[in-house]
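A.B. asks: Just a sequence and a predicted model for now, questions to come.
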Amino acid sequence: MSRLKLAVLGSGAGSNMQSIVDAIERGELDAEIALVVADFPDAKILDRGRKHGIESVYLDCAPYKTKLEGPAEDKLVEMLKSRGVDTVVLAGFMRIVKPKLLAAFPNRVINIHPALLPAFPGVHSWTQALDYGCKVAGVTVHFVDAGTDSGPIIVQKCVKVEEDDTPETLHARIQVQEHIAYPEALRIIASGDYTIEGRRVRIGKAS
Ligand code: GRF
């Protein structure tokens, strides 16, 4: 067991960051959030972080619109290292992360995706699931690798698709499961009681 020192990166509302804060405050997760980072200055995730006394900063990711690379990536890695962060939590961060960040935190960058991967990577995955006619949808927490939504899976939760679901109602129920899944995945990381064997994360198998 080790107390995690987290940085949370987001672009929007920050409800997943809130679920992690709440789990820590309830004593259900042995972690501290050292830093919150957003790529929009007015992202609500920054307000949430500040409300909880967490250093919360805007990172200007120019000139790129969809990836974290170049000067912003350099600055972020420097910030994370200087604050002693050991685990990077992507929570609604709408940018592709690149090899420099991944190399600085090997197997320590985690993402949440609102679908049962490998189905429906990318954006608006709950709408994709609905349009496809899926009877179940869900959420995946996974290690980040060089691909998009493709790294080894830590936790998944299912959500039943209801006959009268709209993208909004389905996404809302998926989010309820996200807020359970992210703290659960981070508890597994904190326990250290797992191994990554190829694509498989074997929990309770650490030698
Ligand atoms: C979540 O649906 C998450 O799965 C996706 O982006 C959304 C972020 O929501 N990657 P929030 O900012 O945590 O409320």
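C.D. replies: That came in fine, so what should we check first?

A.B. asks: Which positions in the protein make contact with the ligand?
C.D. replies: Counting by CB under 6 Å from any ligand atom, the residues of the chain close to the ligand are 10, 12-16, 91-92, 112-114, 175, 178. Heads up, the C-betas are built off the backbone N, CA and C, glycines and all.

A.B. asks: Can you name every helix or strand that the lengthiest helix in the chain contacts?
C.D. replies: Looking across the chain with DSSP state H, the single longest helix is helix 167-191. Contact here means 3 or more CB pairs under 8 Å, 6 or more residues apart in numbering; DSSP states H and E; on that basis helix 167-191 packs against strand 4-10, helix 15-25, strand 87-90, strand 109-113, helix 125-132, strand 136-143, strand 153-160.

A.B. asks: Extract the CA atoms of the fourth one and return them as PDB.
C.D. replies: By that I understand strand 109-113. Extracted C-alpha coordinates of strand 109-113, given in PDB (Å, rounded to 0.1, in the frame of the first residue of the first chain):
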ATOM      1  CA  VAL A 109      -1.200   7.600 -16.500                       C
ATOM      2  CA  ILE A 110      -4.800   6.600 -16.100                       C
ATOM      3  CA  ASN A 111      -7.800   7.500 -18.200                       C
ATOM      4  CA  ILE A 112     -11.600   7.100 -17.900                       C
ATOM      5  CA  HIS A 113     -13.600   6.400 -21.000                       C
END
